[in-house]
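Quick one: sequence and predicted model below, then my questions.
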Amino acid sequence: MQFFGGSSLTSVAPESSPAPAAPPGTGTGSNAQVIYVFNRNGVCLLYREWHRPLRTLARNQDQKLMFGLLFSLRSFTAKIDPTSTEHANLGAPLLPGQGCSFHSFKTNTYKLNYMESPSGIKLILLTHPRTGDQRDALKHIYSLYVEYVVKNPLYAPGSPIK
């Protein structure tokens, strides 16, 4: 299913076709580099690249590392949350919406923007470090996911989005 750009959101794009345009809200589209969509079990449902200058890992390894990073950061932020009296063990799984959360972090080469839905769907958008807050863009992407994937009777939950 093609999410970004084009006139039809329901067209099916083969894996060998060029990547779709960057998500809305990311300026001209040259700021978005990579998007990941994970389900609550850590299965990568969608992975797209736009402007990734260097690829050092295989796609599967890259996805595992990204999910591990998110799991660790989420556990860490919940553990050091100053407003919570209940602190789970570091690394313990958290339910969606439980504990403190983060929305983004920035390095000198990229900015990771993160959103987790109440159902446990994790959306990650890597952008240029000077890109502003992308929470609205991630909410828009999630609404497209719900409208065109979740409500699609032909979609088998947990399978990759094509």
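It's in. On a predicted model such as this, the values are computed, not experimentally measured, just so you know. Residues are numbered from 1 along each chain as shown.

Distance from the worst-scoring helix or strand of the chain on mean pLDDT to the middle of the chain?
Ranking every helix and strand in the chain by mean pLDDT, DSSP states H and E puts helix 59-79 at the bottom, with a mean of 87. Distance of helix 59-79 from its chain centroid, counting by C-alpha atoms, centre = their mean, to the nearest Å, is 11 Å.

Name the residues of that helix that are buried.
Within helix 59-79, the residues that count as buried by 16 or more other C-beta atoms under 10 Å are D62, Q63, M66, F67, L70, F71, R74, S75, A78, K79. (Glycine included, C-beta is placed from N, CA and C.)

Return the residues in contact with the second one.
Q63 makes contact with Y36, F38, C44, Y47 under the criterion C-beta atoms under 8 Å, 6 or more residues apart in numbering.

farthest-separated two in those?
F38 and Y47 (9.5 Å; C-beta to C-beta).

of the two, who's got more company?
Per other C-beta atoms under 10 Å, whichever of F38 and Y47 has more neighbours is F38, with 22 against 18.
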